[in-house]
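*Asks:* Model the structure of this input:
(one chain, ligands or ions: 1)
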Amino acid sequence: MGFGTVSRGGSSRWPDQRLCTVEMGPPCHTSCLSRRKSSSSPKIKVDLDSSTGIAVMKFQSPPVNSLSLDFLTEFCISLEKLEMDRSCRGVVVTSALPKIFSAGLDIMEMYGKSPERCGEFWKAVQEMWLKLYGSNMVTIAAINGSSPAGGCLMALTCDYRIMAENPRYGIGLNETQLGIVAPFWFKDTMVNTVGHRTTELALELGLLYSAPDALRLAWWTSWCRRTRC
Ligand SMILES: CCCCC/C=C\CCC/C=C/CC(=O)SCCNC(=O)CCNC(=O)[C@H](O)C(C)(C)COP(=O)(O)OP(=O)(O)OC[C@H]1O[C@@H](n2cnc3c(N)ncnc32)[C@H](O)[C@@H]1OP(=O)(O)O
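*Replies:* As a prediction, the model looks like this:
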């Protein structure tokens with residue numbers, strides 16, 4: 001898989017060349033296997049291959065990997081652990097579920113909860129964004145399913161995005177369609193990736209894009225023809 005260039009950097013873990021390639025072939029011999037570290041929390045599984053320095057973080061929270069307080073807490077802890085592991089240079093975030101990358105914020109967290117709980121939840125959403133955006137590692141979203149709203153934010157917050165091509169998969173900040181306004185920092189994250197004009201239109205109409213349409217609008221430089229990647 002090949003990835004394009006980004007304007008962010010400044011970390012010793014970033015490759016010298018601005019174009020980087022990630023190989024994810026199957027492990028074939030024992031020395032390779034021994035360099036693999038796995039950890040699993042209820043909602044997130046992490047596999048780190050210390051020989052390549054690449055970790056794969058898989059979301060495993062059925063039915064739709066919604067971003068609940070528990071999910072976000074596990075996500076931040078997993079990311080922090082990888083940050084502290086000097087053998088880890090990059091992380092691929094993806095879904096273990098078929099058809100869904102993430103349905104975005106867990107709607108049940110925003111309904112009928114106490115002000116304290118709402119505050120805790122919202123802080124966790126912001127924490128996820130800050131940690132992912134500020135990560136020293138190269139971060140890649142392998143979007144192997146639908147990714148509306150907060151799921152899209154998570155993908156946009158990564159350095160690179162690859163999306164599986166499937167007409168049923170959509171990505172976008174579609175909050176307007178739900179009758180809510182995307183917070184300004186969701187909007188800013190999208191502007192940073194696709195620019196003002198595309199963001200303005202996408203947010204006004206609450207658009208969800210297919211992988212080829214998103215590619216055309218420079219959301220990423222690559223998409224994957226397999227339905228699972
Ligand atoms: C508390 C402080 C608040 C501060 C307020 C400030 C600002 C407001 C917040 C603004 C930001 C919002 C960002 C968001 O992310 S809002 C969430 C937006 N996401 C969605 O609306 C996604 C809606 N879901 C879908 O479009 C589809 O479910 C799908 C992801 C495309 C999957 O479709 P499909 O495979 O057909 O599955 P189902 O639709 O049948 O769903 C299965 C199951 O999952 C439940 N579910 C779906 N999405 C969510 C979700 N986001 N949170 C929680 N649960 C979700 C769905 O209800 C089904 O459940 P049941 O099987 O029990 O019926």
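*Asks:* remind me, longest helix of the chain?
*Replies:* helix 115-133 (DSSP state H).
*Asks:* how far does the very next helix or strand once past that one sit from the chain's center?
*Replies:* Once helix 115-133 ends, the next helix or strand along the chain (criterion: DSSP states H and E) is strand 138-143. Between the centre of strand 138-143 and the centre of its chain there are 6 Å (C-alpha atoms, centre = their mean, to the nearest Å).
*Asks:* what is the mean pLDDT for the following helix or strand past strand 138-143?
*Replies:* As assigned by DSSP H and E, the chain's next helix or strand after strand 138-143 is strand 145-148. What strand 145-148 shows for mean pLDDT is 98.
*Asks:* close to the ligand, is the helix or strand that comes right after strand 145-148?
*Replies:* Next helix or strand after strand 145-148 toward the C-terminus (DSSP H and E): helix 149-157. Yes. Helix 149-157 reaches the ligand (C-beta under 6 Å from any ligand atom) through 149-150. Bear in mind the C-beta positions are built from the backbone N, C-alpha and C, glycine included.
*Asks:* and helix 149-157, what other elements does it pack with?
*Replies:* Contacts defined by 3 or more C-beta pairs under 8 Å, 6 or more residues apart in numbering; DSSP states H and E place helix 149-157 against helix 115-133, strand 138-143, strand 171-172, helix 184-194.
*Asks:* Name every strand pairing with the helix or strand just after that helix and say which way it goes.
*Replies:* Of the helices and strands lying after helix 149-157 in sequence (DSSP H and E), the nearest is strand 160-164. Sheet pairing for strand 160-164, assigned by DSSP bridges, gives strand 138-143 (parallel), strand 222-224 (parallel).
*Asks:* tell me what the longest helix of the chain is packed against?
*Replies:* helix 69-84, helix 149-157, helix 184-194.
*Asks:* Can you tell me which of the ones you listed is packed in deepest?
*Replies:* helix 149-157 (a mean of 27; mean count of other C-beta atoms under 10 Å).
*Asks:* hang on, the earlier thing: deepest of the helices and strands packed on helix 149-157, which one?
*Replies:* For the helices and strands packed on helix 149-157, the highest mean count by mean count of other C-beta under 10 Å goes to strand 171-172, at a mean of 28.
*Asks:* How far does that strand sit from its chain's centre?
*Replies:* That offset, for strand 171-172, works out to 12 Å (C-alpha atoms, centre = their mean).
*Asks:* Could you give the separation of the longest helix of the chain from the chain centroid?
*Replies:* On C-alpha atoms, centre = their mean, the centre of helix 115-133 falls 16 Å from the chain's centre.
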